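Visitor: Turn this into a structure:
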Amino acid sequence: MHVLGQKGVVSLVLVAGFYGSTIPAFASTDANGKSEPPAKRVAAKVDAPAPLTERERWLLDRVEELEKRVADLESKGNATSSATEPSVALPSSAKATPSAVAANDRVAAVGPQATEKDTSGATKAEKADPFAFADFTWLDGNSRTKDTPYATSFFTPEIRANVDYNYSFSHSKDDTIGGSSEVFRHGEVQVTQLGVGGDMHYDNVRARLMTQFGLYSQTTPRNDASPARGQWNLDNAYRYISEGYGGYHFNALHGINVDAGIFMSYIGLFSYYQFDNWAYQPSYVSSNTPWFFNGVRVQIFPTEHLKVEPWFINGWQSYGRFNGRPGLGVQILWRPNGWLSVLGNQYALGEEALGVQGRVRYHSDDSIEIKYFDKPENSGLDKMAFSLTGDIGCEHGGGVSCYTNSAKGPKQDFLGFMFYNRFWFHHDRYGLTLGGGKINNPGRYLVLLPPINGATAASGTPYFTENPGDPFKAWDASGTFDYMPSEYITFRGEFNHRAANVPYFSGPGGVTPTSCPTAPLVENICGSPGALVPGFAPDLKKIENRINLSILVKF
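Guide: Residues are numbered from 1 along each chain as shown. This is a model prediction of the structure:
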């Protein structure tokens with residue numbers, strides 16, 4: 001019995017020490033939910049039976065020492081709890097907040113800046129994250145996902161799937177659709193893009209990888225002519241990568257990011273990924289302008305409303321240089337509030353004509369998006385917004401002139417616009433988009449080359465020339481209906497009408513030779529890609545009508 005009594009004393013002392021050190025951490029709450037000050041600590045008084053053994057006295061002394069140490073640690077913790085942790089560069093998808101910016105914008109969300117103290121010892125206010133003051137998931141070209149539940153502090157995974165079925169009213173016998181950077185086959189279910197990757201972020205170091213499998217791995221590289229200059233097969237080296245870069249986040253201003261690699265282009269407003277867009281087939285201003293840049297970018301956030309981003313890149317949507325000069329560019333993005341986004345992209349100085357020295361390109365791409373109606377409580381029409389994009393550009397030197405025909409060469413310019421209006425219904429479960437656009441591009445330097453007899457941007461084709469002064473005017477209109485039962489999936493149906501002033505779209509006869517009188521037929525190509533085939537003429541039409549049905553997923 002004496003031994004049991006001694007154990008009970010020791011247990012009572014330990015329990016009293018534990019509760020005595022933890023009770024002050026909790027405050028009582030009254031019936032109105034108001035917090036009351038914590039009760040004052042009352043020292044636990046325990047009458048120890050006598051006599052105590054030497055070991056029991058040692059245990060009591062140890063308990064008292066532990067209580068003191070706990071009290072010291074608590075006081076130190078309270079003194080430092082107001083200091084914030086150093087910020088870590090997080091890509092936009094890493095935070096996965098409603099304020100994440102456009103996917104084709106790929107701005108990194110900046111974590112909270114470490115607070116600083118002035119000379120008087122006062123703590124300065126935290127710098128707000130850029131574009132974190134409002135929900136921008138309504139933007140065209142921006143992912144509408146608001147959460148990434150499986151993200152960690154180091155890695156934010158991302159999975160994308162784009163599977164579609166296209167029905168062309170031309171019924172091309174070879175099932176080939178041309179003149180688009182998003183739609184390629186008729187009457188078939190195809191995986192246009194499957195991407196697996198994500199964002200890495202630790203200790204201000206950042207990196208992003210997004211793979212691309214499916215049709216994009218074939219169709220996107222064929223629109224870049226730069227691999228034809230030099231060795232090492234650049235189109236194959238980058239074929240299965242849509243984004244791949246590394247960089248660093250500096251805790252200056254509201255954040256500065258420096259990235260190098262392949263990243264999404266911002267020209268044309270629409271994202272490379274259809275899940276992020278209001279429509280599946282964008283108008284020509286977006287469909288014919290770059291989807292990626294290869295180089296270095298610096299993202300500077302002077303305020304939470306503004307981003308300035310200079311670029312140093314190999315060329316206009318190119319893995320390598322076309323000639324001896326790379327290109328320079330800059331983006332300015334301004335969002336003064338939650339219903340307005342103003343975007344400007346400027347590009348200059350690159351020599352983008354393969355094998356033509358001295359032909360320099362300039363391009364300005366500018367967009368405005370306005371959310372002019374927002375009633376989330378409505379069960380019917382709950383939101384409306386529109387986007388307007390205008391592009392202007394030209395080339396000069398190397399036998400062409402900007403804007404006017406002159407002794408130096410014919411006019412070689414680009415002028416276009418596109419307008420879309422978006423309606424959301426039933427708490428954003430349904431969406432309807434109506435829009436279209438128009439371009440004028442004499443010289444055809446930005447017109448997508450039809451894949452006649454396997455033609456690529458490097459090979460060209462005698463059946464659709466891209467000579468200086470060759471005229472090209474085109475326009476389009478579309479209607480898109482979306483069913484979005486979850487923020488991670490979209491079921492989409494779309495009708496497109498497209499037209500041009502010259503034969504351009506695949507007709508019933510298709511664009512693929514069925515026999516080769518002078519060369520073997522290899523992989524549906526007679527001779528070399530784009531070669532002239534005696535007795536063969538592609539069936540090209542001025543008008544195209546088609547329906548797109550797609551399932552789009554993004555985690």
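Visitor: How many residues are close by Pro336?
Guide: Per other Cβ atoms under 10 Å, the neighbour tally for Pro336 reads 12. To be clear about C-beta, it is placed using only N, CA and C from the backbone, and glycine gets the same treatment.
Visitor: Now it: closest residue in space, sequence neighbours ignored.
Guide: Excluding the flanking residues, the one nearest Pro336 by Cβ to Cβ, 6 or more residues apart in numbering is His305, at 5.4 Å.
Visitor: so how many other residues sit close to that neighbour?
Guide: 17.
Visitor: Would you quantify the distance from it to Gly338?
Guide: Separation of His305 from Gly338 (Cβ to Cβ, to the nearest Å) stands at 11 Å.
Visitor: pretty sure Gly255 is in contact with Ala128, am I right?
Guide: No: Gly255 is beyond contact range of Ala128, at 10.3 Å (criterion: Cβ atoms under 8 Å).
Visitor: Look at those two and report which has more neighbours.
Guide: Per other Cβ under 10 Å, whichever of Gly255 and Ala128 has more neighbours is Gly255, with 26 against 16.
Visitor: Tell me the pLDDT of the more buried one.
Guide: Looking at Gly255, its pLDDT is 96.
Visitor: Return the set of buried residues in the strand or helix carrying His396.
Guide: Per DSSP states H and E: His396 is located in strand 381-396. Under the neighbour-count criterion of 16 or more other Cβ atoms under 10 Å, strand 381-396 has 382-391, 393-396 buried.
Visitor: which residues of the protein fall in helices?
Guide: Ranges of helices in the chain, per DSSP state H, are 2-22, 54-80, 92-95, 216-219, 234-237, 284-287.
Visitor: Export the fourth one to CSV, keeping only CA atoms.
Guide: So the one you mean is helix 216-219. Extracted in CSV, the C-alpha atoms of helix 216-219 (Å, rounded to 0.1, in the frame of the first residue of the first chain):
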residue,chain,number,x,y,z
TYR,A,216,-0.5,18.4,-80.2
SER,A,217,2.9,16.6,-80.1
GLN,A,218,2.7,16.3,-83.9
THR,A,219,0.8,19.4,-85.0
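Visitor: Can you give me the neighbour number for Tyr150?
Guide: If we define neighbours as other Cβ under 10 Å, then Tyr150 has 11 of them.
Visitor: any idea how far Asn545 is from Gln274?
Guide: 20 Å.
Visitor: neighbour-wise, which of the two wins?
Guide: Gln274 (25 against 14).
Visitor: Return the residues in contact with that one.
Guide: Asn162, Glu182, Thr192, Gln193, Tyr280, Arg492, Ser550, Leu552 (Cβ atoms under 8 Å, 6 or more residues apart in numbering).
Visitor: Could you do Leu328 as well?
Guide: So Leu328 contacts Pro310, Trp311, Phe312, Ile313, Tyr347, Ala348, Leu349, Gly350 (Cβ under 8 Å, 6+ apart).
Visitor: I'd like to know which of those residues are buried.
Guide: Buried among the contacts of Leu328 (16+ other Cβ under 10 Å): Trp311, Ile313, Tyr347, Gly350.
Visitor: give me the number of residues near Ser515?
Guide: 9.
Visitor: ok, it touching Asn524?
Guide: No: look at Ser515 against Asn524 with Cβ under 8 Å: they stay out of range, at 11.5 Å.
Visitor: hang on, the earlier thing: from the buried ones among the contacts of Leu328, which land in strands?
Guide: Trp311, Ile313, Tyr347, Gly350 (DSSP state E).
Visitor: want to try a markdown table for these, with distance to Ser459 and pLDDT as columns?
Guide: Below are those laid out as a markdown table (distance: Cβ to Cβ, whole Å; pLDDT from 0 to 100):
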| residue | distance to Ser459 | pLDDT |
| --- | --- | --- |
| Trp311 | 28 | 96 |
| Ile313 | 24 | 96 |
| Tyr347 | 25 | 96 |
| Gly350 | 21 | 93 |
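Visitor: Now tabulate those in JSON lines and tack on distance to Phe213.
Guide: Formatted as JSON lines, these follow (distance: Cβ to Cβ, whole Å):
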{"residue": "Trp311", "distance to Phe213": "27"}
{"residue": "Ile313", "distance to Phe213": "25"}
{"residue": "Tyr347", "distance to Phe213": "29"}
{"residue": "Gly350", "distance to Phe213": "30"}
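Visitor: Determine which two of these are furthest apart.
Guide: For those, the farthest-apart pair by Cβ to Cβ is Trp311 and Gly350; their separation is 10.5 Å.
Visitor: Quick one: the strands in the stretch 151-300 of the chain, in order.
Guide: For the stretch 151-300 of the chain, the strands defined by DSSP state E, counting those that start in this stretch cover 155-168, 189-202, 205-211, 241-250, 256-264, 292-303.
Visitor: hang on, the earlier thing: residues shared between the contacts of His305 and Gly338?
Guide: Phe133.
Visitor: isn't Val317 right next to Arg222, touching?
Guide: To be clear, residue 317 is Gln; Val isn't right here. No: applying Cβ under 8 Å, one finds Gln317 not in contact with Arg222, separated by 11.7 Å.
Visitor: Neighbour count for those two, which is higher?
Guide: Gln317 (23 against 19).
Visitor: Leaving out sequence neighbours, find the closest residue to the more buried one.
Guide: Pro290 (3.5 Å).
Visitor: Neighbours of that neighbour, how many?
Guide: Neighbour tally, Pro290, other Cβ under 10 Å: 26.
Visitor: do Tyr202 as well
Guide: Neighbour tally, Tyr202, other Cβ under 10 Å: 12.
Visitor: Tyr403 too?
Guide: 13.
Visitor: dump the residue contacts of it.
Guide: Cys394, Lys411, Asp413.
Visitor: Let's see that with 10 Å instead.
Guide: Ile392, Cys394, His396, Lys411, Gln412, Asp413, Leu415, Pro442 (Cβ atoms under 10 Å, 6 or more residues apart in numbering).
Visitor: So the residue nearest to Gln317 is in contact with Phe270, correct?
Guide: No: here Pro290 does not reach Phe270: they are 11.6 Å apart, not a contact under Cβ atoms under 10 Å.
Visitor: intersection of neighbour lists for Trp311 and Gly350?
Guide: Shared contacts of Trp311 and Gly350, counting by Cβ under 10 Å, 6+ apart, come down to Pro326, Gly327, Leu328, Gly329.
Visitor: For the residues you listed, could you give me a markdown table that also reports pLDDT?
Guide: Shown next, in a markdown table, are the shared contacts of Trp311 and Gly350 (pLDDT from 0 to 100):
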| residue | pLDDT |
| --- | --- |
| Pro326 | 93 |
| Gly327 | 94 |
| Leu328 | 96 |
| Gly329 | 95 |
